[in-house]
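Colleague: Sequence first, then the predicted structure:
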Amino acid sequence: MVHSACGSTEKVYSHLEIEKHNRIDDLWVIVDGIVYDVTTFHLEHPGGKTVIRDYAGQDATEAFEDIGHSSDARERLKSFAIGRLESASPKKRNLGLYYGLCAAVSMFLLAYATHRFLR
């Protein structure tokens, strides 16, 4: 648990913990880094229960934002909040930039070496 700015404690969950809650009788989702227990709500979701089930134990931020939920829906979602996603989850680190940079440097060195030795 961590202390939030308002002084209350807030539960922090890892991706691994959230992924365990992927059943209709135990259904959690992540939206914008906040973890929600929507076990009871998915049955009454206006867009259908399968929409939420498809994201059980996962990050549903993109799907939630793509729909363009109303301010009422966003307020209602807050009532299901149980904590937040830990900020640095090793499983979700994006190494794309690192590997892209390595590839670019490798290509530069290869081109340089080829140019140098084939003159």
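Modeller: Here it is on my side, so go on. Residues are numbered from 1 along each chain as shown.
Colleague: Okay, helices next: where are they in this structure?
Modeller: Secondary structure of the chain by DSSP state H: the helices cover 15-19, 49-53, 61-67, 71-78, 96-117.
Colleague: okay, these in CSV with mean neighbour count and distance to Ser87 next?
Modeller: (Each C-beta comes from the backbone N, C-alpha and C, glycine too.) Rendered in CSV, the data for these read as follows (neighbours: other CB atoms under 10 Å; distance: least, CB to CB, whole Å):
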stretch, mean neighbour count, distance to Ser87
helix 15-19, 16, 11
helix 49-53, 15, 25
helix 61-67, 13, 15
helix 71-78, 11, 20
helix 96-117, 10, 18
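Colleague: Val35 and Val105, how far apart?
Modeller: Using CB to CB, to the nearest Å, we find Val35 at a distance of 38 Å from Val105.
Colleague: Go through the helices of the chain and name the closest to Leu27.
Modeller: helix 49-53 (6.8 Å; CB to CB).
Colleague: one step back: closest one to Val31 among the helices of the chain?
Modeller: In terms of CB to CB, the element of those nearest to Val31 is helix 61-67, at 4.9 Å.
Colleague: what's the closest one packed up against?
Modeller: When contacts are defined as 3 or more CB pairs under 8 Å, 6 or more residues apart in numbering; DSSP states H and E, helix 61-67 sits against strand 26-31.
Colleague: rerun that using 10 Å as the cut-off
Modeller: The contact analysis (3 or more CB pairs under 10 Å, 6 or more residues apart in numbering; DSSP states H and E) places helix 61-67 against strand 26-31, helix 49-53, helix 71-78.
Colleague: Comparing the helices of the chain, which yields the minimum mean pLDDT?
Modeller: Per-stretch averages of pLDDT across these put helix 96-117 at the bottom, with a mean of 77.
Colleague: just to revisit the earlier point, any chance of the helices of the chain in JSON lines, plus distance to Trp28?
Modeller: Formatted as JSON lines, the entries for these read as follows, by distance: least, CB to CB, whole Å:
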{"stretch": "helix 15-19", "distance to Trp28": "5"}
{"stretch": "helix 49-53", "distance to Trp28": "10"}
{"stretch": "helix 61-67", "distance to Trp28": "14"}
{"stretch": "helix 71-78", "distance to Trp28": "13"}
{"stretch": "helix 96-117", "distance to Trp28": "27"}
